[in-house]
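Peer 1: Below is the sequence, then the predicted model.
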Amino acid sequence: MQTQLAPQFANTPEGIEAARILGKCVHCGFCTATCPTYQLLGDELDGPRGRIYLIKQMAEGQAPTEKTRLHLDRCLTCRNCESTCPSGVQYGNLVDIGRKWAEENTPARPLRERLTRWALKEGLTKPALFNSAMTLGRLVRPLMPSGIKRKIPLAKNKALNQATDPYARPNTQHARKMLILEGCVQPGMLPNINSATARVLDALKIQLISATNATCCGALRYHLNDQVGGLENARQNIDAWWPIVEDGVEAIVMTASGCGVMVKDYGHLLADDPTYAAKARKISDLTKDIAEILPSLQNELVQLIGSDQKPGVVYHPPCTLQHGQQIRGKVEALLSGLGIGVRLCNDSHLCCGSAGTYSVTQPELSEQLRKNKLTHLNAACEESGAEVIVSGNIGCITHLQQDDTPVLHWIEIVDQLIGKQTKTQ
């Protein structure tokens with residue numbers, strides 16, 4: 001697809017990158033077949049190919065409208081289209097550029113939308129503020145609508161001391177060390193995910209450490225068109241992690257694939273920053289989802305918990321893992337090797353509708369996708385006999401919560417099995 005950049009974009013990094021990405025598109029339409037919003041709405045402009053046309057028009061100087069912005073807003077950024085594109089179009093990077101241009105060149109959003117987006121950016125990215133809100137939310141949870149209630153998980157009862165607290169983190173020193181991104185909402189919503197990860201790695205003689213002055217990965221701000229704020233989050237994390245990186249940590253562990261896909265992109269996003277470019281590339285190279293780390297330690301895990309048959313699970317692979325990071329099959333293979341039967345549902349390649357803040361900014365579409373996904377996940381549970389659904393991203397986990405079948409991070413299953421073995425010894 002040939003693009004004649006408008007003068008205002010011709011010599012800018014964004015314009016040059018947009019033209020390069022647009023040049024790979026051959027209009028084949030394979031992407032529409034796997035686009036969740038196209039499947040729901042049936043509108044070409046609510047599929048990747050249509051959105052690419054809209055971005056091309058902006059790149060060539062055509063003024064965007066609120067309708068342009070709406071079609072780009074409706075994109076989940078699930079990047080399923082990237083997995084099916086035969087030409088390697090980097091749609092995720094392109095749609096971020098298009099959203100920025102549309103935001104800058106259309107009238108201000110309605111006040112309610114602006115306030116919602118401001119609250120999301122400021123409330124979710126500050127752990128102290130978010131944790132206070134979560135504590136308050138738990139107090140009034142019974143009064144909340146069901147859609148909000150499921151995003152406020154009940155707090156776990158903690159024991160009086162670490163020795164008897166099943167959610168405590170180990171403080172054992174090990175020669176092998178890895179760094180973890182705690183995340184902005186995960187510690188307040190589902191703290192056991194990071195704690196379980198620390199315990200599993202501790203059992204494998206790896207110490208998991210964190211940097212207290214690290215912040216949100218930046219994805220939330222960046223995908224809400226606050227690219228400047230998102231990149232500032234990235235720089236703050238690089239500054240917080242760099243001394244630890246220089247001490248020789250093996251990896252930066254991600255337990256939320258939505259954060260992982262963002263941090264892995266730091267090298268690209270800060271490529272033109274002379275101060276941070278080299279450090280950002282190093283950080284991206286070190287960043288690994290926990291699903292990339294444990295397979296190499298499978299033999300050690302088998303020694304800890306055995307490979308005998310255990311209760312099975314139904315696995316929902318997050319879009320940010322299977323499409324954003326192109327990591328497929330690792331979780332299924334690992335759990336299967338530990339004797340845990342794994343079942344995928346029929347539409348396992350499709351988004352559940354969480355997509356970061358999408359469930360708040362596009363609630364109707366998000367809820368449709370959630371219902372579709374749960375129908376298939378629950379059917380897979382019935383067919384396989386599994387009583388638990390697992391995933392690898394906090395957004396998916398909280399979005400898919402329901403009364404009957406619990407949804408956990410898969411690392412919590414591994415942690416539970418190690419804990420049971422420890423108690424029986």
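Peer 2: Okay, I see it. Numbering: from 1, shown residues only.
Peer 1: Hmm, Gln207 is touching Ile180, no?
Peer 2: No: between Gln207 and Ile180 there is no contact under C-beta atoms under 8 Å: 10.5 Å. To be clear about C-beta, it is placed using only N, CA and C from the backbone, and glycine gets the same treatment.
Peer 1: Looking at these two, which one has more neighbours?
Peer 2: For the pair Gln207 and Ile180, the greater number of neighbours falls to Ile180 (21 against 17), based on other C-beta atoms under 10 Å.
Peer 1: Identify the residue spatially nearest to that one, adjacent ones excluded.
Peer 2: Val253 (4.7 Å; C-beta to C-beta, 6 or more residues apart in numbering).
Peer 1: for whichever strand or helix holds that neighbour, packing partners?
Peer 2: Using DSSP states H and E, the element containing Val253 is strand 252-254. In terms of contacts (3 or more C-beta pairs under 8 Å, 6 or more residues apart in numbering; DSSP states H and E), strand 252-254 is packed against strand 176-180, helix 257-263, strand 287-289, helix 290-293.
Peer 1: next one: the third one to chain centre, how far?
Peer 2: With C-alpha atoms, centre = their mean, to the nearest Å as the basis, strand 287-289 stands 12 Å off its chain's centre.
Peer 1: Direction included, what does it pair up with?
Peer 2: Strand 287-289 has these partner strands in its sheet, going by DSSP bridges: strand 252-254 (parallel).
Peer 1: Contacts for the partner strand, please.
Peer 2: 178-181, 197, 201, 208, 241, 245, 260, 263, 283, 286-290, 293 (C-beta atoms under 8 Å, 6 or more residues apart in numbering).
Peer 1: same thing with stretch 394-410?
Peer 2: Residues from elsewhere that reach stretch 394-410, judged by C-beta under 8 Å, 6+ apart: 150-151, 153, 183, 185-186, 189-190, 193, 196, 255-256, 258, 313, 315-316, 318, 331, 335, 352-356, 359, 366, 370, 373-374, 377-378, 381, 387-392.
Peer 1: what's the first-to-last distance across it?
Peer 2: One end of stretch 394-410 to the other measures 11 Å (C-alpha to C-alpha, to the nearest Å).
Peer 1: Okay, buried residues for that stretch please.
Peer 2: For stretch 394-410, a neighbour-count test (16 or more other C-beta atoms under 10 Å) marks 394-401, 405, 407-410 as buried.
Peer 1: Now the element after the lengthiest helix in the chain, going C-ward?
Peer 2: In the chain, taking DSSP state H as the definition, the longest helix is helix 363-384. Using DSSP H and E, the helix or strand that directly follows helix 363-384 along the chain is strand 389-391.
Peer 1: and that following strand, what other elements does it pack with?
Peer 2: Packed next to strand 389-391, using 3+ C-beta pairs under 8 Å, 6+ apart, are strand 310-315, strand 407-409, helix 410-424.
Peer 1: For the longest one, which residues meet the burial criterion?
Peer 2: Meaning helix 410-424. 410-419.
Peer 1: Let me know the closest of the residues you listed to Ile340.
Peer 2: Nearest to Ile340 among these: Ile413, at 6.7 Å, using C-beta to C-beta.
Peer 1: just the helices in the stretch 151-300 of the chain please.
Peer 2: 186-189, 192-203, 219-223, 227-246, 257-263, 266-269, 277-286, 290-293, 298-305 (DSSP state H, counting those that start in this stretch).
Peer 1: can you redo those as CSV with distance to Ser348, mean neighbour count and mean pLDDT?
Peer 2: As requested, those are exported to CSV (distance: least, C-beta to C-beta, whole Å; neighbours: other C-beta atoms under 10 Å; pLDDT from 0 to 100):
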stretch, distance to Ser348, mean neighbour count, mean pLDDT
helix 186-189, 23, 21, 82
helix 192-203, 21, 23, 95
helix 219-223, 23, 24, 92
helix 227-246, 29, 18, 96
helix 257-263, 14, 27, 96
helix 266-269, 27, 20, 96
helix 277-286, 27, 18, 97
helix 290-293, 15, 22, 97
helix 298-305, 22, 15, 94
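Peer 1: returning to what we had before: identify whichever of the helices and strands packed on strand 389-391 lies nearest to Asn346.
Peer 2: strand 310-315 (11.1 Å).
Peer 1: List the buried residues in that closest one.
Peer 2: 310, 312-315.
Peer 1: now stretch 312-330
Peer 2: 312-325, 327-328, 330.
Peer 1: Narrow those to those in helices?
Peer 2: Those of the buried residues of stretch 312-330 lying in helices (DSSP H): 319, 330.
Peer 1: Now the most centrally placed residue in the chain: closest residue in space that isn't a chain neighbour?
Peer 2: In the chain, the residue lying closest to the centroid (C-alpha atoms, centre = their mean) is Gly258, at 1.4 Å. Leaving aside its sequence neighbours, Gly258 sits nearest to Thr320 (C-beta to C-beta, 6+ apart; 4.6 Å).
Peer 1: Next, the contact list for that neighbour, please.
Peer 2: 79, 257-258, 260-261, 393.
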